[in-house]
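[1] Test case, fold it:
(2 chains)
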Amino acid sequence: MDDSQRQEYWRTNLTLMAALLTCWFLVSYVFGILLVEPLNNIVINGFPMGFWFAQQGSIVTFIFLIGVYVWRMDRLDDEYGVGRQEEKRVADEVRAAREQEEGQQP
Amino acid sequence: MSDIQVWTLIWVIVTFSLYLFIAWRSRVADTEGFYVAGHGVPAVANGAAVAADWMSAASFISMAGLIAFQGYGGSVYLMGWTGGYVLLALLLAPYLRKFGKYTVPDFVGDRYSETARAVAAIAAIFVSLTYVAGQMRGVGIVFSRYVGIEIFGDAVIGGVLIGMAVVFFYAVLGGMKGITWTQVAQYSVLIIAYLIPAIAIAYTLSGNPIPQLSFGGIARDLNELQRELGFSGYTTPFTDPSRNMLNMLLITGSLMIGTAGLPHVIVRFYTTKTVRDARASAFWALLFIGILYTTAPAVGVFAKTNFIQDVNGASLNSLPQWVVDWQDAGLITIEDKNGDGQVQFAPGEASDPDSANEITPDLDIMVLATPQIAGLPAIVVGLVAAGGLAAALSTASGLLLVIASSVAHDFYYKRFRRDATEAQQLRAGRIAMACAIVVAGWFGINPPAFVGQVVAFAFGLAAASFFPIIVLGIFWKRANAKGAVAGMATGLIFTGAYILATVPDEAGAIFFGLDPFLGISPEGIGTIGAILNFTVTIVVSRMTAPPPQKMMDVIEEVRYPDPGSATTTQAH
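    Residues are numbered from 1 along each chain as shown, chains lettered A, B, ... in the order given. Reported below is the predicted structural model:
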């Protein structure tokens, strides 16, 4: 990937993350807690809807959200031709970069 | 021996033999295998292992009972302990895999400084050790109730020692690899053990065998039933001050952020081959966890309904058998206060003379008792006990690995013996693991009074310490060592101090029992600790010198997976 591709890749990732985290916030904190009382006036199959979001709907949505993330990121990786092989681990580079700065080479 | 004991023993022998067999097949000979299973775990298996690692004795045994008696308020556990995986999957898992070392302190230490590594390692050991003591205790209690093998004249000690021996065998021999494949088996056992009684009871109560769909109607009837007895409705929100809207928000937040910061869960994402697999593991993990977590609220409703119908108005001379059994075990208290020879269930505690309530069960018994309440055969009751053991042992082994790796890898190797050979490191890992098992067993047999409380607050501490600095370390290149150390210290000290100050003093002499500030429950304070950690890390980083350019370049590298070809020679 060149620099502009990297920026594009990262921006796509951040946009996707923001969208998914918005849904995450909505189903749990908004539907499950903040709006639970008005939503409880709607009853489907015996479930008051606010209660249902807090105990069922949020969990099902979370699974779905991660599913969307996995699917979309896999496609994105394919578009850029990355991620199909065993990753090199950058831990040692991170460490080397820090120790170089601190002047305490092992 | 009763039928239930015989069947429990059979299930325990069958499942434990399976775990030992798997452990023998997956023994390891190097540190890669010992700490991260050689980076060779497929995504589905890793997902099942994360699920078993995650779902402890608390999820399996205690959670449905808590929900049954908190109603809507119990939603904090359901949303908190699953929503954290969204954070984990989107914000941490792929990047930590790309980073690719062994432990959480590894990331903190390499990214920031040796001081930060030491603080993180101590926090990881503290969180894991308190948590693991609870698991060993759970093993001991299940054993003493259902199997009753006495060692040194005590069934709890017998259970803990047997559990220790089994974990010792597969964790010391196989490290992360042995633990991973055993956890896959343990997930299968615990989920089957959870679903069979739930489906059977759903079918009996509503005619629909799918618990997730059928408990709505039962919950509506339960609302009526509770109101008749003077309770508020089961599905009615905010009935208890510790579960008002503010606390619901904060506790859910604390559990979510804490989940995403727990070292024994994070470390599992190091074990996959590719970043792609790390992402996929998070999906499988939450799917597997979700199966139990969407069933639990149904079990809560069924258990509460059965409980009220079985005990309210029951004659003291002809109590149901399960009540008698658990009363003998000291986990149900009954007091006929008005002397009418019948049991009345009402708000309040049975031991409180001002309350009309005459029966108080220990909430931990609800899941274990439910199959018996519903009249399921002994073979199923025994299976549920084996499932509880699987949940406790799988979590214990994952936590023990974190403790062993923090001691052997982060302290011994990284701080004192940088020249240690592969064989010495592996031996250090095994010795640390063996010591951790002995310490955990000791705490399981002699639990310090405050363990129960501290386990609940391990999440708050994990939320306030690890999560913010890991996220900033990945997404904000400007975050530096001074910021991270200051942020982590602020989060830990603030959260720890608030918990010590506000937990009721009857929980132990180290708590002060002061009135909570703005009514904020100590369970939810981790959310505020995490916000403080974020703020302090950002402010202090801004005020001090940026990390070296080379470090920022490498952090940039963590964000992109490697190209699919050509550069394979770069792989470590």
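[2] where does the nearest residue to A:Val82 once chain neighbours are set aside land in three-state SS?
    Leaving aside its chain neighbours, A:Val82 sits nearest to B:Pro561 (4.3 Å; criterion: CB to CB, 6 or more residues apart in numbering or on different chains). Quick note: C-beta positions are derived from backbone N, CA and C, even for glycine. Following DSSP: H, G, I helix; E, B strand; the rest coil, B:Pro561 is assigned to coil.
[3] list the buried ones in stretch B:288-308?
    Within stretch B:288-308, the residues scored as buried using 16 or more other CB atoms under 10 Å in any protein chain shown are B:288-308.
[4] what is the mean pLDDT for it?
    For stretch B:288-308, mean pLDDT is 93.
[5] got the CA positions of that stretch in CSV?
    Only the C-alpha atoms of stretch B:288-308 are listed here, as CSV (Å, rounded to 0.1, in the frame of the first residue of the first chain):
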residue,chain,number,x,y,z
PHE,B,288,-21.0,-18.5,21.5
ILE,B,289,-21.4,-16.3,24.5
GLY,B,290,-24.6,-14.9,23.2
ILE,B,291,-26.2,-18.3,23.1
LEU,B,292,-25.9,-18.5,26.9
TYR,B,293,-26.5,-14.8,27.6
THR,B,294,-29.8,-14.7,25.7
THR,B,295,-30.9,-17.9,27.4
ALA,B,296,-30.0,-16.7,30.9
PRO,B,297,-32.8,-14.0,31.2
ALA,B,298,-35.3,-16.7,30.2
VAL,B,299,-33.9,-19.1,32.8
GLY,B,300,-34.2,-16.2,35.3
VAL,B,301,-37.9,-15.7,34.5
PHE,B,302,-38.6,-19.5,34.6
ALA,B,303,-36.8,-19.9,37.8
LYS,B,304,-38.5,-17.0,39.5
THR,B,305,-42.0,-18.2,38.3
ASN,B,306,-41.3,-21.8,39.4
PHE,B,307,-39.9,-20.6,42.7
ILE,B,308,-42.9,-18.4,43.6
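[6] Whether it contacts chain A - can you check?
    Yes - legend: contact between stretch B:288-308 and chain A by CB under 8 Å from any CB of the partner chain is shown at B:290, B:293-294, B:297.
[7] how far does that stretch sit from the chain's center?
    In terms of CA atoms, centre = their mean, to the nearest Å, the centre of stretch B:288-308 is found 17 Å from the chain centre.
[8] shaky segments in chain A?
    Applying pLDDT under 70 to chain A flags the ranges A:85-92, A:100-106.
[9] Around the nearest residue to A:Leu16 once chain neighbours are set aside, count how many other residues there are.
    Spatially, and ignoring its direct neighbours in sequence, A:Leu16 is nearest to A:Arg72 (5.7 Å; CB to CB, 6+ apart). Neighbours of A:Arg72 under the rule other CB atoms under 10 Å in any protein chain shown: 15.
[10] The one 3 residues further on too?
    Using other CB under 10 Å, A:Arg75 is surrounded by 9 other residues.
[11] Using PDB, write down the CA coordinates of the helix or strand where it lies.
    Per DSSP states H and E, A:Arg75 falls inside helix A:58-79. In PDB, the C-alpha atoms belonging to helix A:58-79 read as follows (Å, rounded to 0.1, in the frame of the first residue of the first chain):
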ATOM      1  CA  SER A  58     -29.000  -5.500  22.500                       C
ATOM      2  CA  ILE A  59     -27.100  -8.900  22.600                       C
ATOM      3  CA  VAL A  60     -28.400 -10.000  19.200                       C
ATOM      4  CA  THR A  61     -27.500  -6.600  17.700                       C
ATOM      5  CA  PHE A  62     -23.900  -6.800  19.200                       C
ATOM      6  CA  ILE A  63     -23.400 -10.200  17.500                       C
ATOM      7  CA  PHE A  64     -24.700  -8.700  14.200                       C
ATOM      8  CA  LEU A  65     -22.500  -5.600  14.500                       C
ATOM      9  CA  ILE A  66     -19.300  -7.700  14.900                       C
ATOM     10  CA  GLY A  67     -20.500  -9.900  12.000                       C
ATOM     11  CA  VAL A  68     -20.800  -6.800   9.800                       C
ATOM     12  CA  TYR A  69     -17.400  -5.500  10.900                       C
ATOM     13  CA  VAL A  70     -15.700  -8.900  10.100                       C
ATOM     14  CA  TRP A  71     -17.400  -9.200   6.800                       C
ATOM     15  CA  ARG A  72     -16.700  -5.600   5.700                       C
ATOM     16  CA  MET A  73     -13.000  -5.500   6.900                       C
ATOM     17  CA  ASP A  74     -12.300  -8.900   5.200                       C
ATOM     18  CA  ARG A  75     -13.600  -7.400   1.900                       C
ATOM     19  CA  LEU A  76     -11.600  -4.200   2.500                       C
ATOM     20  CA  ASP A  77      -8.400  -6.300   3.100                       C
ATOM     21  CA  ASP A  78      -9.100  -8.200  -0.100                       C
ATOM     22  CA  GLU A  79      -9.600  -4.900  -2.100                       C
END
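[12] which other residues reach that helix?
    A:9, A:12-13, A:16-17, A:20, A:23-24, A:27-28, A:31-32, A:83-84, B:78-79, B:82-83, B:85-86, B:89-90, B:94, B:275-276, B:279-280, B:282-283, B:286-287, B:290, B:293-294, B:561 (CB atoms under 8 Å, 6 or more residues apart in numbering or on different chains).
[13] neighbours of whichever residue of the stretch 51-200 of chain B sits closest to chain A, just the number please.
    Relative to chain A, the nearest point of the stretch 51-200 of chain B is B:Gly100 (2.9 Å; CB to the nearest CB). A total of 25 residues lie near B:Gly100 under the criterion other CB under 10 Å.
[14] That one against B:Phe269, yeah?
    No - counting by CB atoms under 8 Å, B:Gly100 stays clear of B:Phe269, with 9.8 Å between them.
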